[in-house]
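# Please find the sequence and the predicted model below.
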Amino acid sequence: MTHQSVGTKTRWQPWTYRDPSWQDVDLTDFKIEATDGEIGKIDQATYELDGSYLIVDTGPWIFGKKVMLPAGVVSAIDLENRVVLVDRTKEHIKNAPELDDNMLNSPQYRERIGMYYGEEGPGWYDRSRGF
């Protein structure tokens, strides 16, 4: 797999892609993989300044549940194989707050998602500690 990846030395930004060039790629229908395996496909990708996110259809993995992933969890994109890699585990994603289509633009809902995946939240992935 050839990956396009960028490391970051700045504080994690949940709603911003780590590599600005990823905003030029339509990620719709790309497969998405957590650190421990495939989780589904991307139904929608947004590219808003400080507000980008992915809507992922988990298919049979979580009984057809859809989840919102902030753009900041994207760690790499394999353009050739149409795969997006995220630096969270399947368990982190499974336990994330429920997707609420009516609240997608709500500051409170986005704050809840950002806090879940953020550095102090239960969905944070610390590569050095393996969780």
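Alright, I've got the coordinates.
# from here on, contacts and neighbour counts on C-alpha atoms
OK.
# Can you check which strand is longest in the protein?
Ranked by residue count and defined by DSSP state E, the top strand of the chain is strand 37-45.
# which residues of the protein fall in helices?
All helices of the chain, identified by DSSP state H, fall at 90-94, 107-117.
# CA atoms only for the first one, dumped as CSV, please.
What that stands for is helix 90-94. Taking Å, rounded to 0.1, in the frame of the first residue of the first chain, the C-alpha atoms of helix 90-94 are listed here in CSV:
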residue,chain,number,x,y,z
LYS,A,90,-12.4,0.0,16.1
GLU,A,91,-13.4,0.1,19.7
HIS,A,92,-12.8,3.9,19.9
ILE,A,93,-15.1,4.4,16.9
LYS,A,94,-17.7,1.9,18.0
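# Put together a markdown table for the helices of the chain, with mean neighbour count, distance to V25 and mean pLDDT on each row.
Shown next, in a markdown table, are the helices of the chain (neighbours: other CA atoms under 10 Å; distance: least, CA to CA, whole Å; pLDDT from 0 to 100):
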| stretch | mean neighbour count | distance to V25 | mean pLDDT |
| --- | --- | --- | --- |
| helix 90-94 | 17 | 23 | 91 |
| helix 107-117 | 17 | 23 | 91 |
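# My read is that I77 contacts E33, right?
No - counting by CA atoms under 8 Å, no contact exists between I77 and E33, whose distance comes to 10.1 Å.
# gap between A96 and K41?
Separation of A96 from K41 (CA to CA, to the nearest Å): 17 Å.
# So the two - more neighbours on which side?
Neighbour count, other CA atoms under 10 Å: between A96 and K41, K41 has more, with 23 against 18.
# got a list of what the residue nearest to that one when sequence neighbours are not counted touches?
Spatial nearest neighbour of K41, chain neighbours left out: K31 (4.3 Å); criterion: CA to CA, 6 or more residues apart in numbering. Counting by CA atoms under 8 Å, 6 or more residues apart in numbering, K31 touches E38, I39, G40, K41, I42, R82, V83, V84.
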